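>>> whatever this is, show me its structure:
(one chain, ligands or ions: 1)
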Amino acid sequence: MVLSSPELKPSSHSDYIVRMEHITRRFPGVIANDDVHLYVKRATFHALIGENGAGKSTLLGILYGRILPDEGRIFLYERDVTQELRSPADAIRLGIGLVSQHHALIPALTVLENILLGVEPILAGGLLAPSQALEHIQELAVQLGLSPVVLKQRVEQLSLATLQKVEILKALYRNAKILLLDEPTATLAPAEVEALFSLLHRLVETGTTVIFVTHKLREVMAHSEYITVLRRGRNAGDFQTSHVQPEQLLAAMLGSSESDIQSRLLSGATVSTVTTPQSTASDSALPPLLKLEHISVRNDHGALSLQDISLQLFPAEIVGVAGVDGSGQKELAEAIVGLRDVESGRIFLDNEEITCQTVASRRNRGIAYIPEDRHQEGLVLDFSVAENLLLGHELQTQWGGGYFLNYKVLHQQATDIANRYDVRLGSQGVQAPVRTLSGGNQQKIVIARALESRPCLLIAYQPTRGLDIGATRFVHNALQEAASKGAAILLFSLDLDEILLLAHRIVVLYNGHIAGILPRSDASVERIGHLMTGSNT
Ligand SMILES: Nc1ncnc2c1ncn2[C@@H]1O[C@H](COP(=O)(O)OP(=O)(O)OP(=O)(O)O)[C@@H](O)[C@H]1O
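Numbers count the residues shown, from 1 in each chain. Sure thing, here's the model as predicted:
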């Protein structure tokens, strides 16, 4: 059921804990939110969905006081708080907590220190007196399924799944009654996703209101009660989940007619147009492109987190790497691209040893990298879109080469690439700083740069994280096309469906070891799942 205009207008405002009305927010050349509304009922699970760049993060940012609206009013519990909500500190005071995609915890501090940061209880003598606070935090930790031991650990030692819980704990400790989550499951493995949702459901049962942004319709259908769809900065529908079909949501998000979407769904196109991978060069007599011989790698804390890995990758082959987050995936990817030294073992590319080569020389030999953290490793946020597309490839002759860049050619080519990858740009075009792009569009820049360098070997770390359905399909096709032209691809993903869709072979990591290598024909979610958890059946 679409709660279209008449029904949407609440008969009694008291139904709604959050009421955002006529919200408009402009950025140079873009209207991120154009006369948008958001109505959220108390103690419900509310999904906010839409394509990359639709305006979701902006709307959450406004509700969290991080972004000020140009126009519009915000009501919490029927009270107009528009003038009070001018910063995240105001939002916290008003009972709103945010769990963002890029967690905002300080790595070198313990979990407890992070939670108390800014709200430290002070003793008369000026000393911190966390004992009472500690009791309360411990209680919350237990409710969230966090071991009390975690409180004393440093944030940098924790997995992303645990960090999510810590962020939630931090918000609850600050008395958040309205919890905003921006793509909370993007970095979680399937079992962790289920655990997070059952935790959120428990919170909703006890009166917390959850508003979450996601690109995964399956999650929306399984967990939300209400859905607001944005499309290109405007409202595109409000739905009650029990009365809507995924096809209707897709139609609202993409703006196509429902029948068109239906037929695309039926033809399987919305999942992906790629065909199930079967045999590859690994079955033939071709020499391997990448050869890892008994490599062991240390993690950031000096522990051996990857041990004795031997693996071959053949041209035109996509090999998926599955594993619970933190099983050694990051170390493996970084060792191959040269960002991390190997402790022992050797790496060969095309029969030449590259174990000690620099990142740049490996890149020049045709290794491209789509890193996990696009903010830290993938982009220079204050550089323009065009400059970011060029990063690492400054010497390519079509852009002038050498010391002097031909900006006219660069901008032309960057515009062409941005169009092909459907990067949504504002009026500044490719000269806009990358910082001003939506998260999904930033990710498209990282992918475009890697694929446009025509690599012989692509290390793709969660390449579709944060991408909408259309962009995900596009990237899947692009990876398959690159492989069909001869590139070898090592695809790290927490999404087993994605791995099963694309990979010819699947390597499962468990605790820094290879727990198994399965040809696609022998692989299933269950088999991979068993290997991921160390049960070798
Ligand atoms: N600080 C900014 N400066 C300029 N433009 C911005 C800024 N923040 C967002 N925008 C623009 O506003 C639009 C909406 O962006 P927003 O991040 O809200 O989208 P989104 O729906 O969250 O997308 P995604 O799913 O990719 O994260 C985009 O066109 C984006 O480029």
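
>>> can you pull out the strands in the stretch 1-150 of the chain?
Using DSSP state E, counting those that start in this stretch, the strands of the stretch 1-150 of the chain run over 16-27, 30-41, 45-49, 71-76, 79-80, 96-99.

>>> what is the fourth one packed up against?
Pointing back at strand 71-76 there. If contacts are counted by 3 or more Cβ pairs under 8 Å, 6 or more residues apart in numbering; DSSP states H and E, strand 71-76 sits against strand 16-27, strand 30-41. In short, each C-beta sits where N, CA and C put it, glycine included.

>>> just say which of those is most tucked in.
Among the helices and strands packed on strand 71-76, strand 30-41 has the highest mean neighbour count (mean count of other Cβ atoms under 10 Å), at a mean of 21.

>>> ok, residues contacting it?
If you take Cβ atoms under 8 Å, 6 or more residues apart in numbering as the criterion, strand 30-41 is touched by 8, 10, 15-26, 46, 48, 55, 58-59, 62-63, 69, 71-72, 178, 209, 211, 225-226, 228, 230, 233-235, 238, 426-427, 436.

>>> please redo it, this time with the cut-off set to 6 Å
Outside strand 30-41, the residues that touch it by Cβ atoms under 6 Å, 6 or more residues apart in numbering are 15-25, 46, 55, 58-59, 211, 228, 233-235, 426.

>>> now stretch 300-320
Residues contacting stretch 300-320 (Cβ under 6 Å, 6+ apart): 280-282, 286, 288-299, 328, 331-332, 483, 486, 488-491, 499, 502-506, 512-514.

>>> picking up where we left off before, near the ligand, list only the ones from the contacts of strand 30-41.
Contacts with the ligand within the contacts of strand 30-41, counted by Cβ under 6 Å from any ligand atom: 55, 58, 426.

>>> just checking, residue 357 is part of a strand?
No - according to DSSP: H, G, I helix; E, B strand; the rest coil, residue 357 belongs to no strand; its state is coil.

>>> what sits against it?
So residue 357 contacts nothing (Cβ under 6 Å, 6+ apart).

>>> at 10 Å what do you get?
For residue 357, the contact set (Cβ atoms under 10 Å, 6 or more residues apart in numbering) comprises 338, 347, 349, 363, 364, 365, 367.

>>> again, but for residue 332
Listed by Cβ under 10 Å, 6+ apart, the contact set of residue 332 reads 292, 295, 297, 305-306, 309, 311, 321, 323, 340, 459, 461, 490, 492, 507, 509, 512, 514.

>>> and the helices and strands packed on strand 71-76 as CSV, adding distance to residue 470 and mean pLDDT?
Putting the helices and strands packed on strand 71-76 into CSV (distance: least, Cβ to Cβ, whole Å; pLDDT from 0 to 100) gives the following:
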stretch, distance to residue 470, mean pLDDT
strand 16-27, 22, 96
strand 30-41, 19, 96
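
>>> start from the N-terminal end of the stretch 151-300 of the chain and give the strands.
Using DSSP E, counting those that start in this stretch, the strands of the stretch 151-300 of the chain run over residues 178-182, 209-213, 226-231, 234-240, 290-298.

>>> the nearest residue to residue 519 once chain neighbours are set aside pairs with what?
Excluding its sequence neighbours, the residue lying closest to residue 519 (Cβ to Cβ, 6 or more residues apart in numbering) is residue 505, at 5.6 Å. Beta-bridge pairing of residue 505 under DSSP bridges involves residue 319, residue 519.

>>> residue 505 and residue 523 touch, don't they?
Yes - under the criterion of Cβ atoms under 10 Å, residue 505 makes contact with residue 523 at 8.4 Å.

>>> any common contacting residues for those two?
Overlap of the contact sets of residue 505 and residue 523 (by Cβ under 10 Å, 6+ apart) consists of 320, 517.

>>> list the buried residues of stretch 470-483.
Residues 470, 471, 472, 473, 474, 475, 476, 478, 479, 480, 482, 483 are the ones in stretch 470-483 that count as buried (16 or more other Cβ atoms under 10 Å).

>>> what pLDDT does the one residue in the chain that gets nearest to the ligand get?
Per Cβ to the nearest ligand atom, residue 440 is where the chain lies closest to the ligand, at 2.7 Å. Listed pLDDT for residue 440 reads 85.

>>> same question, residue 405
For residue 405, the predicted pLDDT is 63.

>>> buried residues in stretch 133-147?
133, 134, 137, 140, 141, 144, 146.

>>> make JSON lines out of these and add pLDDT and distance to residue 116.
Listed next are the buried residues of stretch 133-147 as JSON lines, based on pLDDT from 0 to 100; distance: Cβ to Cβ, whole Å:
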{"residue": "133", "pLDDT": "74", "distance to residue 116": "6"}
{"residue": "134", "pLDDT": "81", "distance to residue 116": "9"}
{"residue": "137", "pLDDT": "87", "distance to residue 116": "8"}
{"residue": "140", "pLDDT": "84", "distance to residue 116": "13"}
{"residue": "141", "pLDDT": "86", "distance to residue 116": "13"}
{"residue": "144", "pLDDT": "78", "distance to residue 116": "17"}
{"residue": "146", "pLDDT": "83", "distance to residue 116": "15"}
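
>>> ok, of those, which one's closest to residue 255?
residue 144 (38.7 Å; Cβ to Cβ).

>>> find the nearest non-adjacent residue to the closest one, please.
residue 165 (5.2 Å).

>>> contacts only, for the one you found.
By Cβ under 10 Å, 6+ apart, the residues touching residue 165 are 99, 111, 140-141, 144-146, 150, 158-159, 192, 195-196, 199.

>>> the strands of the stretch 151-300 of the chain into JSON lines, with extra columns for mean pLDDT?
As requested, the strands of the stretch 151-300 of the chain are exported to JSON lines (pLDDT from 0 to 100):
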{"stretch": "strand 178-182", "mean pLDDT": "94"}
{"stretch": "strand 209-213", "mean pLDDT": "96"}
{"stretch": "strand 226-231", "mean pLDDT": "97"}
{"stretch": "strand 234-240", "mean pLDDT": "97"}
{"stretch": "strand 290-298", "mean pLDDT": "95"}
